[in-house]
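A.B. asks: Mind looking at a prediction? Sequence and model below.
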Amino acid sequence: MFENSNLSIKQKKHFILTKNKFYATTFLFLGIMLLSLMSMTMVFTSTNWIFQDLQRAKRLLYIAIGTSFSLFIVSFFFRRKMSTSIGFALFIVVPWTLSLSFLASSSISIYLTLNQNNVLKSLAIIAIPGATLIVIGLLSWFNIFKFWKLYSFLIFGTFGLIIFSIVSFFIFNSVLHTIYSVLAYIIFSLWIGFDIWIIQKKAEYIQTYEREITISAFLALALTSAFSIFIDVVNLVLITADLLR
(Lines give C-alpha, C1' and ligand atoms only; values in the text may rest on other atoms or scores of the structure.)
Protein backbone atom coordinates (compact mmCIF):
# COMPACT_ATOMS: atom_id res chain seq x y z
CA MET A 1 0.00 0.00 0.00
CA PHE A 2 2.75 2.45 1.02
CA GLU A 3 4.86 1.45 -1.99
CA ASN A 4 2.00 2.30 -4.35
CA SER A 5 1.50 5.60 -2.54
CA ASN A 6 5.18 6.51 -2.92
CA LEU A 7 5.07 5.49 -6.55
CA SER A 8 2.05 7.68 -7.25
CA ILE A 9 3.82 10.65 -5.61
CA LYS A 10 6.89 10.09 -7.76
CA GLN A 11 4.76 9.77 -10.88
CA LYS A 12 2.99 13.00 -10.01
CA LYS A 13 6.31 14.76 -9.46
CA HIS A 14 7.61 13.33 -12.72
CA PHE A 15 4.56 14.76 -14.49
CA ILE A 16 5.22 18.23 -13.10
CA LEU A 17 8.99 18.49 -13.46
CA THR A 18 9.66 17.75 -17.11
CA LYS A 19 11.71 19.44 -19.79
CA ASN A 20 8.68 20.72 -21.72
CA LYS A 21 7.03 21.94 -18.53
CA PHE A 22 10.17 23.94 -17.77
CA TYR A 23 10.11 25.56 -21.22
CA ALA A 24 6.40 26.36 -20.87
CA THR A 25 6.84 27.81 -17.37
CA THR A 26 9.85 29.92 -18.38
CA PHE A 27 8.15 31.47 -21.40
CA LEU A 28 4.95 31.96 -19.41
CA PHE A 29 6.93 34.00 -16.86
CA LEU A 30 8.56 35.94 -19.72
CA GLY A 31 5.16 36.68 -21.24
CA ILE A 32 3.85 37.91 -17.88
CA MET A 33 6.87 40.20 -17.47
CA LEU A 34 6.51 41.68 -20.96
CA LEU A 35 2.76 42.09 -20.42
CA SER A 36 3.46 43.86 -17.11
CA LEU A 37 5.85 46.23 -18.89
CA MET A 38 3.24 47.01 -21.56
CA SER A 39 0.52 47.43 -18.94
CA MET A 40 2.61 49.82 -16.86
CA THR A 41 3.44 51.83 -19.98
CA MET A 42 -0.27 52.00 -20.83
CA VAL A 43 -0.99 53.23 -17.29
CA PHE A 44 1.48 56.09 -17.77
CA THR A 45 -0.09 56.82 -21.17
CA SER A 46 -3.69 56.89 -19.94
CA THR A 47 -2.97 58.81 -16.71
CA ASN A 48 -0.13 61.08 -17.79
CA TRP A 49 -1.87 64.07 -16.23
CA ILE A 50 -1.12 62.59 -12.79
CA PHE A 51 2.61 62.41 -13.37
CA GLN A 52 3.77 66.01 -13.60
CA ASP A 53 7.46 65.17 -13.75
CA LEU A 54 8.23 61.69 -15.06
CA GLN A 55 11.89 62.56 -15.51
CA ARG A 56 12.18 63.20 -11.78
CA ALA A 57 10.37 59.92 -11.07
CA LYS A 58 12.77 58.17 -13.41
CA ARG A 59 15.77 59.61 -11.54
CA LEU A 60 14.31 58.45 -8.23
CA LEU A 61 13.85 54.97 -9.66
CA TYR A 62 17.47 54.96 -10.82
CA ILE A 63 18.47 55.82 -7.26
CA ALA A 64 16.33 52.92 -6.02
CA ILE A 65 17.97 50.58 -8.53
CA GLY A 66 21.47 51.70 -7.52
CA THR A 67 20.68 51.43 -3.81
CA SER A 68 19.12 47.99 -4.19
CA PHE A 69 22.03 46.71 -6.24
CA SER A 70 24.53 48.11 -3.73
CA LEU A 71 22.69 46.47 -0.83
CA PHE A 72 22.64 43.18 -2.71
CA ILE A 73 26.42 43.32 -3.31
CA VAL A 74 27.13 44.27 0.31
CA SER A 75 24.83 41.56 1.65
CA PHE A 76 26.52 39.00 -0.60
CA PHE A 77 30.03 39.74 0.68
CA PHE A 78 28.99 40.04 4.34
CA ARG A 79 26.42 37.24 4.31
CA ARG A 80 28.35 35.13 6.85
CA LYS A 81 28.38 37.94 9.42
CA MET A 82 24.66 38.68 9.14
CA SER A 83 21.91 37.14 11.18
CA THR A 84 19.63 34.71 9.37
CA SER A 85 16.60 37.01 9.54
CA ILE A 86 18.45 40.05 8.15
CA GLY A 87 20.07 38.02 5.39
CA PHE A 88 16.73 36.46 4.44
CA ALA A 89 15.03 39.87 4.37
CA LEU A 90 17.76 41.38 2.18
CA PHE A 91 17.78 38.50 -0.29
CA ILE A 92 13.99 38.69 -0.62
CA VAL A 93 13.28 42.44 -0.50
CA VAL A 94 16.30 43.72 -2.47
CA PRO A 95 15.82 41.61 -5.65
CA TRP A 96 12.11 42.47 -5.75
CA THR A 97 12.84 46.18 -5.27
CA LEU A 98 15.50 45.99 -7.97
CA SER A 99 13.17 44.20 -10.38
CA LEU A 100 10.17 46.48 -9.82
CA SER A 101 12.30 49.64 -10.03
CA PHE A 102 13.82 48.42 -13.29
CA LEU A 103 10.36 47.61 -14.64
CA ALA A 104 8.97 51.03 -13.68
CA SER A 105 11.95 53.03 -14.99
CA SER A 106 11.91 51.08 -18.26
CA SER A 107 8.19 51.68 -18.76
CA ILE A 108 8.69 55.42 -18.12
CA SER A 109 11.49 55.54 -20.72
CA ILE A 110 9.33 53.72 -23.26
CA TYR A 111 6.37 55.97 -22.49
CA LEU A 112 8.42 59.16 -22.91
CA THR A 113 9.58 57.92 -26.31
CA LEU A 114 6.18 56.69 -27.50
CA ASN A 115 4.56 59.94 -26.35
CA GLN A 116 6.17 61.78 -29.27
CA ASN A 117 3.12 60.83 -31.39
CA ASN A 118 5.23 59.27 -34.14
CA VAL A 119 3.45 56.06 -35.17
CA LEU A 120 6.24 54.65 -37.35
CA LYS A 121 8.85 55.32 -34.69
CA SER A 122 6.66 53.71 -32.04
CA LEU A 123 6.20 50.60 -34.19
CA ALA A 124 9.93 50.43 -34.93
CA ILE A 125 10.79 50.62 -31.23
CA ILE A 126 8.74 47.45 -30.65
CA ALA A 127 9.24 45.67 -34.00
CA ILE A 128 13.06 45.85 -34.23
CA PRO A 129 13.76 44.28 -30.80
CA GLY A 130 10.95 41.78 -31.42
CA ALA A 131 12.47 40.68 -34.72
CA THR A 132 15.89 40.49 -33.07
CA LEU A 133 14.48 38.28 -30.31
CA ILE A 134 12.92 35.90 -32.85
CA VAL A 135 15.98 35.65 -35.13
CA ILE A 136 18.58 35.31 -32.36
CA GLY A 137 16.29 32.98 -30.43
CA LEU A 138 15.88 30.61 -33.37
CA LEU A 139 19.62 30.63 -34.09
CA SER A 140 20.29 29.64 -30.50
CA TRP A 141 17.37 27.24 -30.08
CA PHE A 142 18.33 25.13 -33.10
CA ASN A 143 22.04 25.44 -32.27
CA ILE A 144 22.78 27.09 -35.63
CA PHE A 145 25.21 29.44 -33.89
CA LYS A 146 27.06 28.43 -30.73
CA PHE A 147 26.46 31.43 -28.48
CA TRP A 148 28.10 29.75 -25.47
CA LYS A 149 31.48 30.32 -27.13
CA LEU A 150 30.91 34.08 -26.78
CA TYR A 151 30.60 34.03 -22.98
CA SER A 152 33.99 35.66 -22.29
CA PHE A 153 33.36 38.26 -25.01
CA LEU A 154 29.93 39.07 -23.55
CA ILE A 155 31.30 39.47 -20.02
CA PHE A 156 34.14 41.78 -21.06
CA GLY A 157 31.86 43.56 -23.53
CA THR A 158 29.29 44.28 -20.82
CA PHE A 159 31.97 45.64 -18.48
CA GLY A 160 33.24 47.73 -21.39
CA LEU A 161 29.75 49.18 -21.87
CA ILE A 162 29.58 50.09 -18.19
CA ILE A 163 32.94 51.91 -18.38
CA PHE A 164 31.91 53.54 -21.67
CA SER A 165 28.65 54.80 -20.14
CA ILE A 166 30.48 56.26 -17.12
CA VAL A 167 32.96 58.08 -19.37
CA SER A 168 30.22 59.36 -21.70
CA PHE A 169 28.36 60.73 -18.66
CA PHE A 170 31.19 63.22 -18.13
CA ILE A 171 32.23 63.64 -21.78
CA PHE A 172 29.13 63.65 -23.97
CA ASN A 173 29.61 63.31 -27.71
CA SER A 174 26.82 62.43 -30.14
CA VAL A 175 29.08 60.23 -32.29
CA LEU A 176 30.44 58.33 -29.28
CA HIS A 177 26.91 57.97 -27.93
CA THR A 178 25.74 56.45 -31.22
CA ILE A 179 28.69 54.04 -31.27
CA TYR A 180 27.92 53.06 -27.68
CA SER A 181 24.25 52.43 -28.51
CA VAL A 182 25.08 50.26 -31.54
CA LEU A 183 27.62 48.21 -29.58
CA ALA A 184 25.18 47.84 -26.69
CA TYR A 185 22.46 46.61 -29.06
CA ILE A 186 24.81 44.00 -30.52
CA ILE A 187 25.97 42.78 -27.11
CA PHE A 188 22.46 42.50 -25.62
CA SER A 189 21.28 40.73 -28.79
CA LEU A 190 24.04 38.15 -28.30
CA TRP A 191 23.08 37.86 -24.62
CA ILE A 192 19.62 36.70 -25.75
CA GLY A 193 21.19 33.83 -27.68
CA PHE A 194 23.38 32.89 -24.71
CA ASP A 195 20.46 33.05 -22.24
CA ILE A 196 18.33 30.79 -24.44
CA TRP A 197 21.23 28.32 -24.56
CA ILE A 198 21.32 28.48 -20.74
CA ILE A 199 17.59 27.71 -20.65
CA GLN A 200 18.16 24.58 -22.73
CA LYS A 201 20.95 23.47 -20.40
CA LYS A 202 18.72 24.01 -17.36
CA ALA A 203 15.99 21.96 -19.05
CA GLU A 204 18.46 19.13 -19.66
CA TYR A 205 19.52 19.32 -16.01
CA ILE A 206 15.89 19.09 -14.89
CA GLN A 207 15.30 16.14 -17.20
CA THR A 208 18.33 14.33 -15.74
CA TYR A 209 17.70 15.09 -12.06
CA GLU A 210 13.93 15.52 -12.15
CA ARG A 211 13.34 13.30 -9.08
CA GLU A 212 15.76 15.31 -6.92
CA ILE A 213 14.55 18.81 -7.87
CA THR A 214 11.81 20.39 -5.76
CA ILE A 215 8.99 22.39 -7.27
CA SER A 216 10.28 25.60 -5.65
CA ALA A 217 13.71 25.09 -7.25
CA PHE A 218 12.00 24.32 -10.56
CA LEU A 219 10.04 27.59 -10.41
CA ALA A 220 13.13 29.55 -9.32
CA LEU A 221 15.09 28.26 -12.33
CA ALA A 222 12.23 29.18 -14.67
CA LEU A 223 11.80 32.64 -13.11
CA THR A 224 15.50 33.55 -13.29
CA SER A 225 15.68 32.30 -16.88
CA ALA A 226 12.69 34.39 -17.91
CA PHE A 227 14.00 37.47 -16.11
CA SER A 228 17.40 37.28 -17.85
CA ILE A 229 15.74 37.33 -21.28
CA PHE A 230 13.33 40.05 -20.12
CA ILE A 231 16.24 42.32 -19.16
CA ASP A 232 17.86 41.71 -22.56
CA VAL A 233 14.65 42.57 -24.43
CA VAL A 234 13.98 45.71 -22.36
CA ASN A 235 17.52 46.91 -22.98
CA LEU A 236 17.06 46.39 -26.72
CA VAL A 237 13.83 48.41 -26.63
CA LEU A 238 15.48 51.25 -24.69
CA ILE A 239 18.54 51.28 -26.97
CA THR A 240 16.32 51.30 -30.08
CA ALA A 241 14.29 54.17 -28.64
CA ASP A 242 17.50 56.06 -27.93
CA LEU A 243 18.84 55.51 -31.46
CA LEU A 244 15.57 56.62 -33.08
CA ARG A 245 15.14 59.67 -30.86
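C.D. replies: It's in.
A.B. asks: in this protein, which ranges drop under the pLDDT threshold?
C.D. replies: 1-16, 40-119, 169, 172, 210 (pLDDT under 70).
A.B. asks: Now do the helices in it.
C.D. replies: 2-16, 19-46, 54-77, 84-114, 119-141, 151-170, 174-208, 215-243 (DSSP state H).
A.B. asks: Domain parsing of this protein, as residue ranges.
C.D. replies: Using automatic domain parsing, the domain parsing of the chain gives 17-41+117-245, 49-114.
A.B. asks: T158 against I187, yeah?
C.D. replies: Yes. Judged on Cβ atoms under 8 Å, T158 makes contact with I187 at a distance of 6.3 Å. In this view, the C-beta of every residue, glycine as well, is placed from N, C-alpha and C.
A.B. asks: Name the residue in these two with the higher neighbour count.
C.D. replies: A count of neighbours by other Cβ atoms under 10 Å puts I187 above the other of T158 and I187, at 20 against 13.
A.B. asks: what's the closest non-adjacent residue to the more buried one?
C.D. replies: Of all residues not flanking I187 in the chain, G157 sits nearest, at 4.6 Å (Cβ to Cβ, 6 or more residues apart in numbering).
A.B. asks: And F230, by the same measure?
C.D. replies: M33 (4.4 Å).
A.B. asks: count of neighbours near that neighbour?
C.D. replies: Neighbours around M33, by other Cβ under 10 Å: 20.
A.B. asks: pretty sure it contacts S228?
C.D. replies: No. Using Cβ under 8 Å as the test, M33 is too far from S228 to be in contact (10.7 Å).
A.B. asks: ok, A124 to I171 distance?
C.D. replies: A124 is 29 Å from I171, where distance means Cβ to Cβ, to the nearest Å.
A.B. asks: which one of those two has more residues nearby?
C.D. replies: Between A124 and I171, A124 has the larger neighbour count (other Cβ under 10 Å), namely 15 against 7.
A.B. asks: show me the contacts for the more buried one.
C.D. replies: By Cβ atoms under 8 Å, 6 or more residues apart in numbering, A124 lies in contact with T240, L244.
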